[in-house]
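Participant: Next input, structure requested:
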Amino acid sequence: MFDVAIIGAGPAGTAAGFDLLAKGLKVLVLDKYEFPRKKACAGGITPKAYHLFRYDISSVIKKECQTIRITPFNKKSFFIKNKNTLCYMTKREDLDLFSLNKIIEKGVDFRVIKKIRSIKETNSSVEIHTDSESFKASYLIGADGANSIVRRLIFSGRFYKKQFAIEADVKMERPDMFQMEFDFSKSKNCYYWIFPKDDHVNIGVYCVDSKVRLTKQLLFDYAKARLHSSNLEAIKGYPLCTGGFHYQRDSKRIFLAGDAAGLTERLLGEGIYFAVKSGQLVARSIIESEKHAVLVQMLYLKKLKSIQADLRFYDLVSKWFYKFPRVSLKLLSFPFVRNRFVNGYADGKTITQIIFGKPYSKKKL
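Facilitator: Numbering: from 1, shown residues only. This next block holds a predicted model:
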């Protein structure tokens, strides 16, 4: 029997696993893929996310961006700059493999399973039945992404919403010729991105309007117009789960983290920060519960409140932003507004810390 089973070996699952293993707990991690595997994700890591990792991830960083180009509709582009890094570029398959290896080094039991048939919670444990074997643990963490099987099997109701994105890699000789860019000039409720890496540029479209159909042709047209290339690879469409500020307890021994819990912000679709943070919080809740004889579910929900406040604020801002994109981007173009946000993000602050002036702290477990 394991102390904790984790389904999903992405940022949320490995973050939880690392902290649990560091405290000597017996941890099982299940995933349906062998690693490395191609993961649909633009691969941008904000400073606040970068600083959360318990280990140095610099070896999987392909580029550090100190300048971001913003392109409004029918207006001249402007640039956001800082002497510090505003975004770290990685490839998710590299980051995920690196993080998985970190918990393997600490002694995790990692298994590749094709299908989970059922999950049963008892008063003292959780039983996981796959297509070939069964596992038992004191607690289960569902960190299995936007299409979470744990959420579908265990949690009632739909507290989350799905936004959608589509992306592709464009191979080119000089990806360094392009700036990181958010392009709002093509659609009212969507933005295009350009993320330069070491040997390619990642492009994509993120949309908050479910009625907009995101197609491969959009990417081909954009790549041809902006990058003068039609050499697209690894085209993937995928959902992102938002609305995690509505996530509440449904179980005493089963908890959701990351995208499975709807912990992606709606404005730009950032998820890695919230995945890592929630993974660490659920791990800390389990550790503290064992030590102080307090219910894990109560501790976890209490610790999640700061994340959920951030997500609720992002949700409100995104509704305003996409309803009035021209006004919003005009405000951002003013130096006194832009500098407050840019300096805050570069320092690794959350949006509520930037707006309300709350102190920033790099706390470790």
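Participant: Which residue ranges of the stretch 51-200 of the chain form helices?
Facilitator: Here the stretch 51-200 of the chain has its helices, by DSSP state H, counting those that start in this stretch, at 92-105, 149-154.
Participant: can you put those helices in CSV and add distance to Ala275, mean pLDDT and mean neighbour count?
Facilitator: C-beta coordinates here come from the backbone N, C-alpha and C atoms, glycine included. Shown next, in CSV, are the helices of the stretch 51-200 of the chain (distance: least, CB to CB, whole Å; pLDDT from 0 to 100; neighbours: other CB atoms under 10 Å):
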stretch, distance to Ala275, mean pLDDT, mean neighbour count
helix 92-105, 11, 97, 19
helix 149-154, 14, 94, 20
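Participant: Can you name the residues that contact Ala5?
Facilitator: Neighbour list for Ala5: Val27, Leu28, Val29, Leu30, Val126, Ile128, Phe135, Ala137, Tyr139, Leu140, Ile141 [criterion: CB atoms under 8 Å, 6 or more residues apart in numbering].
Participant: so the third one touches Gly107, yeah?
Facilitator: No: taking CB atoms under 8 Å as the definition, Val29 is not a contact partner of Gly107, at 11.2 Å.
Participant: more crowded one of those two?
Facilitator: Val29 (25 against 11; other CB atoms under 10 Å).
Participant: Which strand or helix spans that one?
Facilitator: Following DSSP states H and E, one finds Val29 within strand 27-31.
Participant: related to what we said a few turns ago, closest one to Ser328 among the helices of the stretch 51-200 of the chain?
Facilitator: Evaluated with CB to CB, the helices of the stretch 51-200 of the chain place helix 92-105 nearest to Ser328, the distance being 28.6 Å.
Participant: For the closest one, enumerate the helices and strands it packs against.
Facilitator: Secondary-structure packing of helix 92-105 (3 or more CB pairs under 8 Å, 6 or more residues apart in numbering; DSSP states H and E): helix 11-22, strand 27-31, strand 109-112.
Participant: So which bits of stretch 297-311 are buried?
Facilitator: Across stretch 297-311, burial judged by 16 or more other CB atoms under 10 Å covers Gln297, Leu299, Tyr300, Leu301, Lys303, Leu304, Ile307, Gln308, Asp310, Leu311.
Participant: May I have it exported as PDB, CA atoms only?
Facilitator: Listed next in PDB are the C-alpha coordinates belonging to stretch 297-311 (Å, rounded to 0.1, in the frame of the first residue of the first chain):
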ATOM      1  CA  GLN A 297      -9.500  18.300   2.500                       C
ATOM      2  CA  MET A 298      -9.900  21.200   5.000                       C
ATOM      3  CA  LEU A 299      -6.200  22.100   4.900                       C
ATOM      4  CA  TYR A 300      -6.000  21.900   1.100                       C
ATOM      5  CA  LEU A 301      -9.100  24.100   0.500                       C
ATOM      6  CA  LYS A 302      -7.700  26.600   3.000                       C
ATOM      7  CA  LYS A 303      -4.400  26.700   1.200                       C
ATOM      8  CA  LEU A 304      -6.000  27.000  -2.200                       C
ATOM      9  CA  LYS A 305      -7.800  30.200  -1.300                       C
ATOM     10  CA  SER A 306      -5.000  32.400  -2.500                       C
ATOM     11  CA  ILE A 307      -4.800  30.600  -5.800                       C
ATOM     12  CA  GLN A 308      -8.600  30.800  -6.200                       C
ATOM     13  CA  ALA A 309      -8.600  34.500  -5.400                       C
ATOM     14  CA  ASP A 310      -6.000  35.000  -8.200                       C
ATOM     15  CA  LEU A 311      -8.100  32.900 -10.600                       C
END
